[in-house]
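[1] Sequence unavailable; structure follows:
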């Protein structure tokens, strides 16, 4: 099964921000100590996601295909039998880029190892990176940006894949996720009422909801065949149906965003409790 980075990875947050602002670059160099292909899949999912909300949603058909390495518009360019890519491979790619995407809005070429691109190959690629069709996107996975020519680097945005995909979440986030995994109203209501009585700060509540949202998104990805992403995500994946888990993920994201504004934590906690009750009853949310 292909691997994709966790929602808790700092790169994931950066990609979501770029997607939200509609400024995802068409040419990216992925460096850093993490897994570049896992990061490239996440970036590709953001480019191809069909959600009208946050991207990548990680549950639409396009996101699932990218995560499973079966999306027809994402091509991983690599030759494990050679030290360098053949010039024929690169020339063929230069022709292929002018064939429109099969399903998505973008056609993405992921170079799994930039070291396989010699100077000649990069010069062949330069024109399509610079002047190729608007739907074409290029992701170069590199140990260092210096592996690529300055002419290529100047047309790319460098993003870093982080080595720690499983950044820890707070104890309060773990409590909340375990309460939701119970699939019952009482554990969640008791926890949230307790937080309200202790007058939880808005900034702290926002952090908890953001972290819980990412855990739920990891659980959704796991339900779609993605990798295991922690005990809490696994528990949510087992306990909640996909529609219910999707609704919960959307609710957590919504209320985390509400906390950015001058909204009282008590109001958010009460609304989230009511939303969870409605979700359990199967009422529209």
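    Perfect, I can see it now. Just so we're clear, the structure is a prediction, and the values are computed from it rather than from any experiment.

[2] Bridged to residue 74, which residues?
    Beta bridges link residue 74 to residue 108, judged by DSSP bridges.

[3] Now do it against residue 150, distance only.
    For residue 74, the distance to residue 150 (Cβ to Cβ, to the nearest Å) stands at 27 Å. To be clear about C-beta, it is placed using only N, CA and C from the backbone, and glycine gets the same treatment.

[4] Need the nearest residue in space to residue 112, chain neighbours excluded.
    For residue 112, ignoring the flanking residues on the chain, the nearest one in space by Cβ to Cβ, 6 or more residues apart in numbering is residue 78 at 4.0 Å.

[5] Kindly report the same for residue 122.
    According to Cβ to Cβ, 6+ apart, the nearest residue to residue 122 is residue 149 (4.8 Å).

[6] Touching, that neighbour and residue 121? I think so.
    No - in this structure, residue 149 is not within contact of residue 121 by Cβ atoms under 8 Å, at 9.9 Å.

[7] higher neighbour count, those two?
    More neighbours surround residue 121 than the other of residue 149 and residue 121, with 21 against 16 (other Cβ atoms under 10 Å).

[8] what comes into contact with the helix or strand harbouring the more buried one?
    In this assignment (DSSP states H and E), residue 121 forms part of helix 119-131. Applying Cβ atoms under 8 Å, 6 or more residues apart in numbering, the contact partners of helix 119-131 are 27, 84-85, 87, 90-91, 93-94, 97, 117, 136, 138, 148-149, 151-152, 155-156.

[9] Are any of the residues you listed buried, and if so which?
    Buried subset of the contacts of helix 119-131 (neighbour count, 16 or more other Cβ atoms under 10 Å): 27, 85, 90, 93, 97, 117, 136, 138, 148-149, 152, 155-156.

[10] What is the nearest of the residues you listed to residue 41?
    Proximity of these to residue 41 (Cβ to Cβ) peaks at residue 138, which lies at 14.8 Å.

[11] got the buried ones among the contacts of helix 119-131 as CSV, with distance to residue 243 and secondary structure columns?
    As requested, those are exported to CSV (distance: Cβ to Cβ, whole Å; DSSP: H, G, I helix; E, B strand; the rest coil):
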residue, distance to residue 243, secondary structure
27, 37, strand
85, 44, coil
90, 45, helix
93, 40, helix
97, 38, coil
117, 44, coil
136, 35, strand
138, 36, strand
148, 44, coil
149, 49, coil
152, 44, helix
155, 42, coil
156, 39, coil
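
[12] Quick one: those residues as TSV, columns for distance to residue 238 too.
    Output for the buried ones among the contacts of helix 119-131, formatted as TSV (distance: Cβ to Cβ, whole Å):
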residue	distance to residue 238
27	40
85	43
90	46
93	42
97	43
117	43
136	40
138	39
148	43
149	49
152	45
155	45
156	41
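
[13] Take those residues and lay them out in CSV including distance to residue 267 and pLDDT.
    Formatted as CSV, the buried ones among the contacts of helix 119-131 follow (distance: Cβ to Cβ, whole Å; pLDDT from 0 to 100):
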residue, distance to residue 267, pLDDT
27, 44, 95
85, 57, 91
90, 57, 90
93, 54, 94
97, 51, 96
117, 54, 94
136, 46, 97
138, 46, 98
148, 50, 92
149, 55, 91
152, 51, 93
155, 47, 91
156, 44, 93
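
[14] returning to what we had before: I'd like the distance between the residue nearest to residue 112 and residue 43.
    Counting by Cβ to Cβ - residue 78 and residue 43 are separated by 17 Å.

[15] With residue 70 instead?
    Residue 70 is 17 Å from residue 43, by Cβ to Cβ.

[16] For the helix holding residue 121, what is the distance to the chain centroid?
    28 Å (Cα atoms, centre = their mean, to the nearest Å).

[17] try stretch 90-104
    25 Å.

[18] Repeat that for stretch 238-251.
    With Cα atoms, centre = their mean, you get 17 Å for stretch 238-251.

[19] Show me what counts as buried in it.
    Buried, per 16+ other Cβ under 10 Å, within stretch 238-251: 239-240, 244-251.

[20] so where is the stretch 151-285 of the chain shaky, pLDDT-wise?
    For the stretch 151-285 of the chain, applying pLDDT under 70 flags the ranges 163-169, 225-229, 283-285.

[21] Tell me which stretches of it form strands.
    Ranges of strands in the stretch 151-285 of the chain, per DSSP state E, counting those that start in this stretch, are 157-160.
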